[in-house]
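**Student:** Need a 3D model of the following:
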Amino acid sequence: MEEDMRTSISAAFTTVITASLFLSTAALAQTSDIPRTEHGHPDMQGTYTFRTITPLQRPPELADKATLTPEEAAEWESYENTRQNRDLIIDSVGGAGYPPGVISYNEFWYERGVETVADLRTSLIYDPPNGRVPTLNAAGRARSAEISEMRRLSAGPEARTLNDRCILNARTGPPMISGSYNNNMQLVQTKDHVVINNEMIHAARIIPFTDEHSTSQLKWEGDSIAHWEGDTLVINTQHYYYWYGWRNMSPAAKVEERITWVDENTLDYDFTVEDAESWDSSWSARLPMRRISDPVYEYACHEGNHGLAGILAGWRRYEVEGLDENGIPLSALEDEQ
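**Tutor:** Alright, predicted model coming up:
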């Protein structure tokens with residue numbers, strides 16, 4: 001009972017913190033002199049970065065901690081910036097999620113965030129209160145297993161991820177999530193459309209202001225439509241083309257993005273993912289988008305490039321040599337069984 005009480009108090013505390021964050025953002029937007037387009041809506045146009053060192057999901061070691069103190073945040077930033085520095089990782093040892101072997105790139109090529117979000121949350125996810133993506137349900141687990149086996153066999157280009165194929169990436173969205181590099185986007189508004197030109201895989205989402213989705217031409221990134229709720233730009237996306245998406249999202253997934261003007265240099269980006277074929281409950285996250293002076297550059301990656309050919313060639317070499325996906329002889333694995 002005592003443990004349940006602590007859990008309830010922790011959840012309530014997290015809810016209060018989250019609610020206060022939303023109220024403070026809304027109050028700031030209402031009391032500020034928001035610049036407006038000729039059509040009367042908040043003028044959010046410009047180039048922004050959404051990079052941050054705050055992870056999407058709360059790390060297990062911080063399970064009961066929704067926010068950090070300024071001192072803890074400084075310590076966390078120092079630790080993570082060192083841990084993720086590719087120049088400090090020894091190839092034969094691995095680290096930061098990389099197994100022993102050849103580590104891709106060096107630190108020069110990375111543009112990850114170096115600071116936590118301003119409110120010092122330990123995760124971008126705020127709902128559920130534990131700061132983590134819900135556990136996959138039965139349908140999600142079955143699809144995930146099928147996808148894993150398809151990737152393991154890598155029989156052709158279609159068996160690889162959309163990221164490998166330079167079609168989509170987590171930074172491309174929707175939703176847009178901070179990653180290792182290319183965490184930048186340009187937002188353009190007209191009377192009838194809003195355009196989000198994402199630097200990652202140079203993907204431009206041309207989104208109409210309408211209340212009806214179109215399914216005449218399904219798109220990898222789904223069909224997005226927009227509307228205004230007061231001074232908040234709301235973008236709803238559904239009807240995804242692919243059956244294996246980011247974090248196991250299915251074609252039935254629905255994503256709602258909410259973009260709110262905070263000040264002349266900041267937008268608040270909030271999104272909710274709902275997918276009954278993956279999770280039994282929805283989940284939500286929010287992060288700041290900060291205005292930058294740099295332009296959005298072309299990301300020189302295209303479907304069918306030499307990297308994909310190299311991936312498939314590597315798998316065929318493993319098959320010829322009788323190795324599994326980790327380079328371990330299949331005969332050794334059979335002996336263990």
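**Student:** contacts, neighbours, all on C-alpha from now
**Tutor:** OK.
**Student:** for the protein, which spans come out with low pLDDT?
**Tutor:** Within the chain, the segments meeting pLDDT under 70 span 1-32, 102, 242-246, 333-337.
**Student:** And the strands in it?
**Tutor:** Counting by DSSP state E, the chain forms strands over residues 46-49, 125-127, 184-189, 193-198, 203-208, 223-229, 232-238, 254-263, 266-274, 283-291, given from the N-terminal end onward.
**Student:** distance of Arg121 from Pro128?
**Tutor:** As judged by CA to CA, to the nearest Å, Arg121 and Pro128 stand 14 Å apart.
**Student:** Between these two, which has more neighbouring residues?
**Tutor:** It is Arg121, of Arg121 and Pro128, that has more neighbours when counted by other CA atoms under 10 Å, with 23 against 17.
**Student:** thinking that one is in contact with Ala63, fair?
**Tutor:** No - Arg121 is not in contact with Ala63 according to CA atoms under 8 Å; the separation is 11.9 Å.
**Student:** For Leu62, which residues are in contact?
**Tutor:** Taking CA atoms under 8 Å, 6 or more residues apart in numbering as the contact definition, Leu62 lies against Thr122.
**Student:** and it, how far is that from Gly179?
**Tutor:** As judged by CA to CA, Leu62 and Gly179 stand 20 Å apart.
**Student:** Quick check: the residue nearest the centre of the chain vs Asn184, distance?
**Tutor:** Here the mean C-alpha position of the chain is nearest to the C-alpha of Ile177 (CA atoms, centre = their mean), at a distance of 2.7 Å. Distance, Ile177 to Asn184, using CA to CA: 10 Å.
**Student:** Check Gly314 too.
**Tutor:** In this view, Gly314 and Asn184 are 32 Å apart by CA to CA.
**Student:** Could you check which of these two has the larger neighbour count?
**Tutor:** Between Gly314 and Asn184, counted using other CA under 10 Å, Asn184 has the larger neighbour count: 27 against 13.
**Student:** Now do the same contact list for the more buried one.
**Tutor:** For Asn184, the contacting residues are Thr47, Tyr48, Thr49, Phe50, Arg51, Asn198, Glu199, Met200, Val296, taking CA under 8 Å, 6+ apart as the criterion.
**Student:** Give me the buried subset of these.
**Tutor:** Thr47, Tyr48, Thr49, Phe50, Arg51, Asn198, Glu199, Met200, Val296 (16 or more other CA atoms under 10 Å).
**Student:** now, among those residues, which is nearest to Ala159?
**Tutor:** Closest approach to Ala159 among the buried ones among the contacts of Asn184 (CA to CA): Met200, at 21.4 Å.
**Student:** Spatially nearest residue to the closest one, not counting backbone neighbours?
**Tutor:** Asn182 (5.2 Å; CA to CA, 6 or more residues apart in numbering).
**Student:** who's in contact with Thr116?
**Tutor:** Thr52, Ile53, Thr54, Ala73, Glu77.
**Student:** Neighbour count and distance to Ala96 added to these, as JSON lines?
**Tutor:** Formatted as JSON lines, the entries for the contacts of Thr116 read as follows, by neighbours: other CA atoms under 10 Å; distance: CA to CA, whole Å:
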{"residue": "Thr52", "neighbour count": "24", "distance to Ala96": "16"}
{"residue": "Ile53", "neighbour count": "21", "distance to Ala96": "13"}
{"residue": "Thr54", "neighbour count": "26", "distance to Ala96": "15"}
{"residue": "Ala73", "neighbour count": "20", "distance to Ala96": "19"}
{"residue": "Glu77", "neighbour count": "17", "distance to Ala96": "14"}
